[in-house]
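[1] can't give you the sequence, but here's the structure:
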């Protein structure tokens, strides 16, 4: 059984920063792909970033968000900088068992999901 637990969300002013964490049990992140997705109220879930042998970012977050892995802690982080009100959403981490130099942005490829953490950016 794979369990993912996100943390680190909160309320921040525009221009501020947050660091989200995704801790896993039952699957080793060093040999998988981990992705972050987000869903705002009334909107479809969208891809944010993913990490495997390489990284992949949505155009809307390139240069502002950074995804990284702490193998010793089996945790993936998403550093959110220069936050904008449009970044407000519930952020989910997810994992799939493949490894690749170009991790997928397709949510259907991910088989385990966390419960989500709320990020709210005020203007």
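    That came through fine. What you see is a predicted model; the values in this text were computed from it and never measured. Numbers count the residues shown, from 1 in each chain.
[2] for the chain, what spans make up the strands?
    3-7, 10-13, 18-25, 33-39, 46-51, 55-57, 65-70, 75-80, 89-96, 112-113, 117-122 (DSSP state E).
[3] Can you say which of those is nearest to residue 102?
    strand 55-57 (6.1 Å; CB to CB). Any C-beta I mention is one placed from the backbone N, CA and C, and that applies to glycine too.
[4] Excluding chain neighbours, give the residue nearest to residue 49 in space.
    Spatial nearest neighbour of residue 49, excluding adjacent residues (CB to CB, 6 or more residues apart in numbering): residue 67 at 4.2 Å.
[5] The one you found - how many residues pack around it?
    Counted with other CB atoms under 10 Å, the neighbours of residue 67 add up to 23.
[6] so what's it bridging to?
    Judged by DSSP bridges, the bridge partners of residue 67 are residue 78.
[7] Look up the residues forming beta bridges with the residue most central in space within the chain.
    Centroid-nearest residue in the chain, with CA atoms, centre = their mean: residue 36, separated by 2.4 Å. Beta bridges link residue 36 to residue 49, residue 93, judged by DSSP bridges.
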